[in-house]
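> Build the 3D model from these lines:
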Amino acid sequence: LKNLAMAARAENPARRIRKLLVVVVENHSLDAMRREMPFTDGLAHRYGYATGYRAITHPSLPNYLAMSGGDTFGVTDDHDPSAHPLGAMSVFGQALARHRTAKVYVEDMTGTCATTSSGRYAVRHNPWSYYVGERTACRRYDVPLTALTADVRAGRLPNAGMVVPNLCNDAHDCPLATADAWLRRVVGGVLRGPDFRSGRLLVVITADEDDHDQGNLVLTTLVNPQLHGTVVRAGLDHYSLARLYSEVLGAAPLGRARSARSMTAAFRLSVGPPAG
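You can find the predicted model right below:
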């Protein structure tokens, strides 16, 4: 971790963040994540993390909608997109509407923008598939995780991005140690890529919800060379994350994100104007 941080700072002392990549794990509290995820916790202490960041509700799906659309849209279950066709705009659609880029990388998904679960792919963890007005874009840019490596190496990660692990690697069905090892491999690769080393990429690792143990407090880690052991204790939530997407895009926040506390301000981040 120390070598990664030193290399990033040496190559890019103070560039503005133009890209956001969010990685979501499942169903564990702040204390459990800090205790059982040494790689993720190490990134938190090297760069930055929030101690007062809460998910919005239970179960999973409304939290993913809050992150991606600034609202739960009245959803209180984990049903498929056929039960919850949303006509609202997502942060991914917002990026494309502003002629920026968007992509969601989904592990073990067959095809693109799959709207039903299969194997270890859970559609409820793939929020873009619920925004029916953006279905054409989703079918193009909501892709299997296998596309991530090439985009990292080429420096073409999106302005609005998300990584969705499968049900084992997100710690839903497997231990947090499994998720942390997966993050070491996948996020570690992202941190060696040109988008991160240039300073234009911010990586956020969070959890959709806790395990009903800490009032929905989850560990939320921010990784960018602008941050140096930053700890934010102010209250933040998934609406704040939706607002962060929009702020990186230089756009107005969506829905309830408009009144959410700004992560940009809380972490004193320099973001935008967006560029490729």
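
> In the stretch 51-200 of the chain, what residue spans correspond to helices?
60-69, 91-97, 135-141, 148-154, 176-191, 194-197 (DSSP state H, counting those that start in this stretch).

> So in this structure, where's the weakest helix or strand by average pLDDT?
Within the chain, no helix or strand scores below helix 2-11, which has a mean of 46 by mean pLDDT, DSSP states H and E.

> Which parts of this protein are strands?
If DSSP state E is used as the criterion, the strands of the chain fall at 19-25, 48-50, 53-54, 102-106, 142-144, 160-164, 201-207, 220-223, 230-232, 236-237.

> I'd like these laid out as TSV, including mean pLDDT.
Converted to TSV, the strands of the chain look like this (pLDDT from 0 to 100):
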stretch	mean pLDDT
strand 19-25	98
strand 48-50	98
strand 53-54	98
strand 102-106	98
strand 142-144	98
strand 160-164	98
strand 201-207	98
strand 220-223	98
strand 230-232	98
strand 236-237	98
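
> Using CSV, list the CA coordinates for stretch 177-194.
Provided in CSV are the C-alpha atoms of stretch 177-194 (Å, rounded to 0.1, in the frame of the first residue of the first chain):
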residue,chain,number,x,y,z
ALA,A,177,-11.8,-12.3,4.2
THR,A,178,-12.8,-13.7,0.8
ALA,A,179,-14.1,-10.3,-0.2
ASP,A,180,-11.0,-8.6,1.0
ALA,A,181,-8.7,-10.9,-0.9
TRP,A,182,-10.9,-10.2,-4.0
LEU,A,183,-10.6,-6.5,-3.4
ARG,A,184,-6.8,-6.8,-3.1
ARG,A,185,-6.6,-8.4,-6.5
VAL,A,186,-9.2,-6.3,-8.3
VAL,A,187,-8.9,-2.9,-6.7
GLY,A,188,-5.1,-3.4,-6.4
GLY,A,189,-5.1,-3.7,-10.2
VAL,A,190,-7.1,-0.5,-10.6
LEU,A,191,-4.7,1.3,-8.4
ARG,A,192,-1.8,0.4,-10.6
GLY,A,193,-3.6,1.7,-13.7
PRO,A,194,-3.1,5.1,-15.4
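
> Could you list the buried residues of that stretch?
Across stretch 177-194, burial judged by 16 or more other CB atoms under 10 Å covers 179-184, 186-187, 190-191, 193-194. Where C-beta positions appear, they are placed from N, C-alpha and C, glycine not excepted.

> Equivalent analysis for stretch 204-214, please.
Buried, per 16+ other CB under 10 Å, within stretch 204-214: 204-210.

> one step back: format the strands of the chain as TSV; extra columns: distance to residue 64.
Output for the strands of the chain, formatted as TSV (distance: least, CB to CB, whole Å):
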stretch	distance to residue 64
strand 19-25	7
strand 48-50	18
strand 53-54	15
strand 102-106	11
strand 142-144	13
strand 160-164	9
strand 201-207	11
strand 220-223	15
strand 230-232	22
strand 236-237	13
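
> Go through these and name the closest to residue 252.
strand 160-164 (14.2 Å; CB to CB).

> so what secondary structure elements neighbour that closest one?
Helices and strands touching strand 160-164, by 3 or more CB pairs under 8 Å, 6 or more residues apart in numbering; DSSP states H and E, are strand 19-25, helix 91-97, strand 102-106, helix 238-249.

> Please tell me how far the residue nearest to residue 165 when sequence neighbours are not counted sits from residue 85.
Take residue 165 and drop its neighbours on the chain: the residue closest to it by CB to CB, 6 or more residues apart in numbering is residue 107, 5.1 Å away. For residue 107, the distance to residue 85 equals 24 Å [CB to CB, to the nearest Å].

> Neighbour count: those two, which is higher?
More neighbours surround residue 107 than the other of residue 107 and residue 85, with 21 against 12 (other CB atoms under 10 Å).

> Could you double-check that the more buried one lies in contact with residue 162?
No. Assessed by CB atoms under 8 Å, residue 107 is found out of contact with residue 162, at 11.6 Å.
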